[in-house]
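**Student:** Provided below are the primary sequence and the corresponding predicted coordinates.
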Amino acid sequence: VLLLTAMLTLGLTAGEKEFSKGSQYLTAQVGFNSYAMPFGANFEYALTENIGIGGTVMMQFWSEDWGFAGYNYGYSCTLITPSVEGAYHFVGLDADKLDVFAGAALGFSIYSVSWKDSWGGDSADTGSSSLYLSPFIGGRYYVSDKMAISAKLNFSAIGDFNGVGGTVGLTFRLK
């Protein structure tokens, strides 16, 4: 909300040229949160002049190893989060090169963890998966007709991985 408010206050709002019906957008992105640095991609199709639908797949991996009195142990984790998304683009506002949007993602978190130790040399694998709902706000600033810098702020309130996170990336207009 703060990002959208700041953009509107500064007069940085979306123009009609930046989002148009029938266009396709592919964003390579990295995220930020408290676990690890997620990375992935987003695809969006402009269904109407201001409604986009699409999906995102993000992945993150992290691990840690310890040693004590000759014994070694640790873990490694994987989190993959595919989602479907819908967004409203504020196209009626007057600003060149900027596309501001808000929407929500419905996804599925796929989490797995593998434990290892030197006591038996065996590893134990476990994990959990769940649905999640994540509203978001964001924007794209076009550096050329076909390429933009993007930022998105997510608010996850439903699911195993709650909290605030976001992504930054590079968007390519495919069509």
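**Tutor:** Sure, I can see it.

**Student:** drop to CA atoms for contacts and neighbour counts, all remaining ones
**Tutor:** OK.

**Student:** which residues does the closest residue to residue 86 other than its chain neighbours contact?
**Tutor:** In space, and not counting its chain neighbours, residue 86 is closest to residue 53: 4.5 Å by C-alpha to C-alpha, 6 or more residues apart in numbering. Residue 53 makes contacts with 44-47, 84-87, as judged by C-alpha atoms under 8 Å, 6 or more residues apart in numbering.

**Student:** buried residues in the helix or strand where residue 53 lies, which are they?
**Tutor:** Using DSSP states H and E, residue 53 sits within strand 51-68. Within strand 51-68, the residues that count as buried by 16 or more other C-alpha atoms under 10 Å are 51-61.

**Student:** low-confidence ranges in this structure?
**Tutor:** Judged by pLDDT under 70, the chain has its weakly predicted residues at 1-17, 34-35, 118-127, 159-162.

**Student:** run the last query once more with 90
**Tutor:** Along the chain, the parts satisfying pLDDT under 90 run over 1-20, 32-37, 61-79, 91-97, 109-132, 145, 154-166, 175.

**Student:** contact partners for residue 88?
**Tutor:** By C-alpha under 8 Å, 6+ apart, the contact list for residue 88 reads 50-52, 101-103.

**Student:** closest one of the residues you listed to residue 27?
**Tutor:** Nearest to residue 27 out of those is residue 52 (C-alpha to C-alpha; 13.6 Å).
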